[in-house]
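Visitor: Show me how the following folds:
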Amino acid sequence: QTATVYEPWILDYNNPADSAATGDNVVDNVEQVYIALADSGDYWVRVTHKGSLVHGLPWSTEDQDYSLLCSEPITYAPSHRHYVSTAGSNTIPYDTPATAATMISSALAVAETGDSVFVESKTFNELSLFMTKGVLLSGGWGGSFVLRDIFEGKTIVNIINPIEIEAGAAPVVIDGFVIQGGVGTYGGGLRVDDSDVTIRNCLVQQNQAHDGTFGYGGGIYASQSAIQLHSTNVSNNTAGRGGGIYLDGCSATIDSSTISNNDLVFGGVDSPDGGGIYVVNSTTVNVAGNLIAGNVADAESANEAKGGGVYVESTLVFSMNGDVVSHNTAGESAAAGYGAGIHAVGSSLTLSRVDVSNNSAKTIGGGIFTDTGSSLVLEKSRVMWNTAIIGGGTYLNGSESTIEHNLFVGNNATGCYILAAAAGSFVGNTL
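Guide: This next block holds a predicted model:
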């Protein structure tokens, strides 16, 4: 309960006459947890093992049954399942396919933390969706809610306002949806504030975050949150900054996803930066196995545009592993453009086995641009066919840079341009 952990009683087999104490019981297979004068409230019961069960069922060394006995009257908080279907009778609490809600918003309104909302593979037109509790929102279900198709049968949600996941909603999971058509200022498709959210097997497309002056996160906007993005496509969204994704003060993992063809508009306030992904003031952002391609940081009336694919600022750890950053542009129509593939300011970057290719910046840093106050580890990567006036492949300005065992091919002009390096190494590269 709360932060208190109650452990089972345990005997010391070396001194069996000693009184029992509480702790990690590795002696026998019957354990008792006793809570004197227990307060009313919610308690979690956690049953674990040491990772190698050896006395399971005869045909398995991985399964082992157990029993749990409680000596006082208790009530459980089971997970409930709610359904959404165009053929449902719309009868609260929507807990069978026959009584399913006909709108997603109706099912979310009755769901409690730990519940699931299963949604039929249809198209739903929703004005607004608010998620204020930790709920699994699962799309792509057939009409009988037996089979699910998350590849060709994603549930389509046409929204007017972004899906809002409000402070304290954790953990939220959104799985198997097409989210499109949303318009906002902080997030076009989804807005996440101070929450723990997993988005997987989704397509976030054709959303816009801009009010004519400014806007952040065309597809997804997240602030002070923990974000997990898996096997998701964020494409064809528009914002003032962060055309695809905008992360402010977050920890995040983005893997096995596609961030593509997102772009920016200029409203006269913020420079149009981060066509694909914009990260600022964040702790740890891990990016792995993604395609970041065809994103644009540009606007005709802007003085400059930075980070066509990725823009990172004032972030402690930003790592990429096995990603492809390709065909992104920065500042083609603006007065100047920097860091078409990746642009970093005051941040720590580690890029391993990353392909940075065919990106184009109008002015400096076709593939990678790092500015004063940043550090860069670039290893076992390929930087190829990128273009800029200065530093076609990379432009490293006053950064601490470790550049080892990379391939630089066909960049125009200059494969690797290093200016006033703070420290680092340049070893085993092919130019």
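Visitor: if I pick the closest residue in space to residue 86 that isn't next to it in sequence, what's in contact with it?
Guide: The shortest distance from residue 86 to any non-neighbouring residue, by Cβ to Cβ, 6 or more residues apart in numbering, is to residue 122 (5.2 Å). For every residue, glycine as well, the C-beta is placed using N, CA and C. By Cβ atoms under 8 Å, 6 or more residues apart in numbering, the contact list for residue 122 reads 85-86, 155-156.
Visitor: Now the phi/psi pair for residue 122, please.
Guide: Backbone geometry at residue 122, expressed as degrees, to the nearest 10, gives phi -140, psi -170.
Visitor: residues in contact with the closest residue to residue 201 other than its chain neighbours?
Guide: Excluding its sequence neighbours, the residue lying closest to residue 201 (Cβ to Cβ, 6+ apart) is residue 150, at 4.4 Å. Contact analysis of residue 150 by Cβ under 8 Å, 6+ apart lists 139-140, 175-176, 201.
Visitor: Sort out for me which of the residues you listed are in strands.
Guide: If you go by DSSP state E, those have 139-140, 175 in strands.
Visitor: Isn't residue 256 up against residue 290?
Guide: Yes. Counting by Cβ atoms under 8 Å, residue 290 is a contact partner of residue 256 at 6.9 Å.
Visitor: Looking at those two, which is more packed in?
Guide: Using other Cβ atoms under 10 Å, the more surrounded residue of residue 256 and residue 290 is residue 290, with 25 against 14.
Visitor: Please report the distance of that one from residue 253.
Guide: As judged by Cβ to Cβ, to the nearest Å, residue 290 and residue 253 stand 11 Å apart.
Visitor: for residue 223, same thing?
Guide: For residue 223, the distance to residue 253 - Cβ to Cβ - is 17 Å.
Visitor: And for residue 308?
Guide: Separation of residue 308 from residue 253 (Cβ to Cβ) stands at 22 Å.
Visitor: Now do the contacts for the closest residue to residue 335 other than its chain neighbours.
Guide: Nearest residue to residue 335, sequence neighbours excluded (Cβ to Cβ, 6+ apart): residue 303, at 4.9 Å. By Cβ under 8 Å, 6+ apart, the contact set of residue 303 is 271, 334-336.
Visitor: do residue 243 as well
Guide: Residue 243 makes contacts with 218-219, 237, 262-264, 274-276, 295-297, as judged by Cβ under 8 Å, 6+ apart.
Visitor: Which pLDDT value goes with it?
Guide: Residue 243 is assigned 97 on the pLDDT scale.
Visitor: Show the contacting residues for the residue lying closest to it once chain neighbours are set aside.
Guide: Leaving out its chain neighbours, the residue that sits closest to residue 243 by Cβ to Cβ, 6+ apart is residue 262, at 3.3 Å. Taking Cβ under 8 Å, 6+ apart, we find residue 262 in contact with 218-219, 234-239, 243-244, 275-276, 295-296.
Visitor: State the pLDDT value of the residue nearest to residue 335.
Guide: The model's pLDDT for residue 303 equals 86.
Visitor: phi, psi of it?
Guide: Dihedral angles (degrees, to the nearest 10) for residue 303: phi -70, psi -40.
Visitor: Give me the phi and psi for residue 395.
Guide: Per degrees, to the nearest 10, the backbone of residue 395 is at phi -130, psi 110.
Visitor: show me where pLDDT drops low in the stretch 151-300 of the chain?
Guide: For the stretch 151-300 of the chain, no stretch has pLDDT under 70.
Visitor: the helices in it, which residues?
Guide: Shown for the stretch 151-300 of the chain, no helices are assigned by DSSP state H, counting those that start in this stretch.
Visitor: sorry, back to before: can you give me the distance of the residue nearest to residue 201 to residue 138?
Guide: In terms of Cβ to Cβ, residue 150 sits 9 Å off from residue 138.
Visitor: ok, now residue 17?
Guide: Taking Cβ to Cβ, one finds residue 17 at 55 Å from residue 138.
Visitor: returning to what we had before: who's more crowded, residue 223 and residue 253?
Guide: Neighbour count, other Cβ under 10 Å: between residue 223 and residue 253, residue 223 has more, with 20 against 15.
Visitor: Isn't the more buried one up against residue 279?
Guide: No. If you go by Cβ under 8 Å, residue 223 and residue 279 don't touch, sitting 11.9 Å apart.
Visitor: Residues that sit against both of those two, list them.
Guide: residue 250.
Visitor: quick one: stretch 10-17 to chain centroid distance?
Guide: With Cα atoms, centre = their mean, to the nearest Å as the basis, the distance from the averaged C-alpha position of stretch 10-17 to the chain average is 49 Å.
Visitor: Which pair of the contacts of residue 243 spans the longest distance?
Guide: The distance between the two most remote of those (Cβ to Cβ) is 15.1 Å, for 219 and 297.
Visitor: so residue 164 touches residue 128, yeah?
Guide: Yes. Contact criterion Cβ under 8 Å: residue 164 and residue 128 qualify, at 7.2 Å.
Visitor: more crowded one of the two?
Guide: Using other Cβ under 10 Å as the criterion, residue 164 and residue 128 rank with residue 164 on top: 20 against 12.
Visitor: residues contacting that one?
Guide: Shown in contact with residue 164 (Cβ under 8 Å, 6+ apart): 128-131, 187, 190-191, 193.
Visitor: For it, list each beta-bridge partner.
Guide: Beta-bridge pairing for residue 164 (DSSP bridges): residue 130, residue 191.
Visitor: cool, and residue 82?
Guide: Where residue 82 sits in a bridge, its partners, by DSSP bridges, are residue 117.
Visitor: quick one: contacts for it?
Guide: So residue 82 contacts 93-95, 100-101, 107, 110-111, 115-118 (Cβ under 8 Å, 6+ apart).
Visitor: Can you flag which of the residues you listed belong to helices?
Guide: Judged by DSSP state H, helices contain the following of these: 107, 110.
Visitor: what's the closest of the contacts of residue 82 to residue 22?
Guide: Closest to residue 22, out of all of the contacts of residue 82 and judged by Cβ to Cβ, is residue 115, at 34.0 Å.
Visitor: nearest spatial neighbour of the closest one, skipping sequence neighbours?
Guide: Spatially, and ignoring its direct neighbours in sequence, residue 115 is nearest to residue 80 (4.8 Å; Cβ to Cβ, 6+ apart).
Visitor: Could you report the distance from that neighbour to residue 339?
Guide: Here residue 80 is placed at a distance of 48 Å from residue 339 (Cβ to Cβ).
Visitor: cool, residue 128 as well?
Guide: Counting by Cβ to Cβ, the gap from residue 128 to residue 339 is 36 Å.
Visitor: got it, and residue 396?
Guide: Relative to residue 339, and taking Cβ to Cβ, residue 396 is found at 11 Å.
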